[in-house]
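1. fold the stuff below for me.
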Amino acid sequence: MSAVIDPRGIGTLRSSPFLPPLSAARVFQVVANRGSFRLAGEELLITQSAVSHHIKQLESALGTPLFRRKSKSIELTEAGTMFLATVDEAFTVLSEGTARVRSRSGQTSLRVSLLPSFAANWLVNRLGSFLKSYPAIELELDPTLRIVDVGRGEADIAIRFGDFGGSKQSCVHLANEDLSPVLSPALYGDGSQFQSALDLLNQEILQAKSGLEWQLWSEAAGFPLERAKQTRLTDYNIVLQAALDGQGVAMGRGLLVREHIRAGRLVRPLSASLSSQKAAYWAAFDPLSKKLEAIEAFVAWLKNEMTLSAQRTSGPIF
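-> Residues are numbered from 1 along each chain as shown. You can find the predicted model right below:
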């Protein structure tokens with residue numbers, strides 16, 4: 001039986017020889033569902049190497065491989081398939097039991113599905129303010145690129161970016177983004193060599209998978225996007241990192257790049273920006289949810305905080 005060191009130095013906690021490491025089991029569940037170590041890392045907001053470490057730890061504890069590693073993919077072994085069913089059932093029981101205990105104590109837990117980029121670059125460092133104002137509401141953040149159905153209970157709230165005004169789900173408009181190109185001063189200096197949108201034509205254009213922001217901005221700025229060299233990346237977090245590394249020009253979402261601009265890690269070479277409800281943040285939820293009071297409190301707080309942030313990041317509009 002192994003011992004785990006208590007980080008506070010109070011003592012040691014012995015692990016059970018019959019139970020797997022809980023955090024590693026959660027990582028395994030996400031990897032199995034996403035079919036990728038990289039995508040699992042994006043969803044869990046940890047590095048791919050950390051995901052690999054958790055899986056190796058779990059396989060060591062179980063004494064058997066859980067995945068077959070191929071050149072460009074992974075698949076569950078027979079043992080992995082069997083263990084996934086056990087993990088899914090165990091986490092469902094744990095989640096339901098936790099909800100019952102919280103309901104007795106007056107606590108309400110909200111599962112919030114949101115994009116990893118929004119979680120990391122805007123929401124996380126503001127959560128303290130909400131939790132201080134609403135101590136009876138506990139938030140469980142689920143950063144993911146997957147589409148979720150709040151009507152089927154896959155999340156209590158889903159925060160998404162784009163044009164959801166016509167969505168069949170009940171949606172509340174939170175805030176429009178302020179779109180303007182951004183680039184690294186390490187490669188481009190202060191960006192003063194770019195006098196107009198056309199000056200970006202010879203640069204590498206970094207886009208998220210949907211390409212929504214560049215499409216909308218290009219139409220407004222008269223920029224011939226189809227003539228530019230483009231790189232499409234899975235998630236806006238990766239787009240942002242590529243821009244920070246000087247690999248090209250990204251379309252900055254004002255709310256998410258504000259701190260990078262303030263710290264001098266990114267610059268806006270052009271002053272004009274675009275605000276559009278087609279490139280906005282929305283909150284979807286079930287209006288018949290038993291947690292509606294808590295949901296509405298969080299959504300109202302989000303809308304107020306994002307409105308204030310948007311006012312601080314907006315510039316001249318096309």
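
2. middle-most residue in this protein, spatially?
-> Closest to where the C-alpha atoms of the chain average out (CA atoms, centre = their mean) is residue 116, at 1.0 Å.

3. can you pull the contacts of the residue nearest to that residue when sequence neighbours are not counted?
-> Ranked by CB to CB, 6 or more residues apart in numbering and with sequence neighbours excluded, the top spatial neighbour of residue 116 is residue 143, at 4.1 Å. To be clear about C-beta, it is placed using only N, CA and C from the backbone, and glycine gets the same treatment. By CB atoms under 8 Å, 6 or more residues apart in numbering, the contact list for residue 143 reads 42, 43, 44, 45, 114, 115, 116, 119, 120.

4. quick one: buried ones out of those residues?
-> For the contacts of residue 143, a neighbour count by 16 or more other CB atoms under 10 Å gives the buried set as 42, 43, 44, 114, 115, 116, 119, 120.

5. would JSON lines of those with distance to residue 188 and secondary structure be doable?
-> JSON lines is the format used below for the buried ones among the contacts of residue 143 (distance: CB to CB, whole Å; DSSP: H, G, I helix; E, B strand; the rest coil):
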{"residue": "42", "distance to residue 188": "27", "secondary structure": "helix"}
{"residue": "43", "distance to residue 188": "32", "secondary structure": "helix"}
{"residue": "44", "distance to residue 188": "33", "secondary structure": "helix"}
{"residue": "114", "distance to residue 188": "31", "secondary structure": "strand"}
{"residue": "115", "distance to residue 188": "27", "secondary structure": "coil"}
{"residue": "116", "distance to residue 188": "26", "secondary structure": "helix"}
{"residue": "119", "distance to residue 188": "28", "secondary structure": "helix"}
{"residue": "120", "distance to residue 188": "24", "secondary structure": "helix"}
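
6. and the residues you listed as JSON lines, adding distance to residue 147?
-> Formatted as JSON lines, these follow (distance: CB to CB, whole Å):
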{"residue": "42", "distance to residue 147": "15"}
{"residue": "43", "distance to residue 147": "13"}
{"residue": "44", "distance to residue 147": "18"}
{"residue": "114", "distance to residue 147": "12"}
{"residue": "115", "distance to residue 147": "11"}
{"residue": "116", "distance to residue 147": "14"}
{"residue": "119", "distance to residue 147": "16"}
{"residue": "120", "distance to residue 147": "20"}
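
7. looking at those, which is nearest residue 61?
-> Nearest to residue 61 out of those is residue 44 (CB to CB; 18.9 Å).

8. state the distance from that closest one to residue 160.
-> Separation of residue 44 from residue 160 (CB to CB, to the nearest Å): 19 Å.

9. again with residue 286
-> To residue 160, residue 286 is 15 Å away according to CB to CB.

10. what does residue 46 give?
-> Separation of residue 46 from residue 160 (CB to CB): 22 Å.

11. okay, stretch 170-190 in PDB with CA atoms only?
-> This file holds the C-alpha atoms of stretch 170-190, laid out as PDB (Å, rounded to 0.1, in the frame of the first residue of the first chain):
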ATOM      1  CA  SER A 170     -33.400  29.200 -24.400                       C
ATOM      2  CA  CYS A 171     -30.500  31.600 -24.900                       C
ATOM      3  CA  VAL A 172     -29.600  34.900 -23.200                       C
ATOM      4  CA  HIS A 173     -27.300  37.300 -25.100                       C
ATOM      5  CA  LEU A 174     -24.400  38.200 -22.800                       C
ATOM      6  CA  ALA A 175     -22.200  40.500 -24.800                       C
ATOM      7  CA  ASN A 176     -20.800  41.100 -28.300                       C
ATOM      8  CA  GLU A 177     -17.100  40.600 -28.900                       C
ATOM      9  CA  ASP A 178     -14.900  43.500 -30.100                       C
ATOM     10  CA  LEU A 179     -13.000  42.000 -33.100                       C
ATOM     11  CA  SER A 180      -9.700  43.400 -34.300                       C
ATOM     12  CA  PRO A 181      -6.500  41.800 -35.600                       C
ATOM     13  CA  VAL A 182      -3.700  41.200 -33.000                       C
ATOM     14  CA  LEU A 183      -0.100  40.200 -33.400                       C
ATOM     15  CA  SER A 184       3.100  39.800 -31.500                       C
ATOM     16  CA  PRO A 185       5.400  42.800 -31.000                       C
ATOM     17  CA  ALA A 186       8.300  40.400 -30.800                       C
ATOM     18  CA  LEU A 187       7.800  39.800 -34.600                       C
ATOM     19  CA  TYR A 188       6.000  42.900 -35.800                       C
ATOM     20  CA  GLY A 189       7.100  45.700 -33.400                       C
ATOM     21  CA  ASP A 190       4.300  48.100 -32.600                       C
END
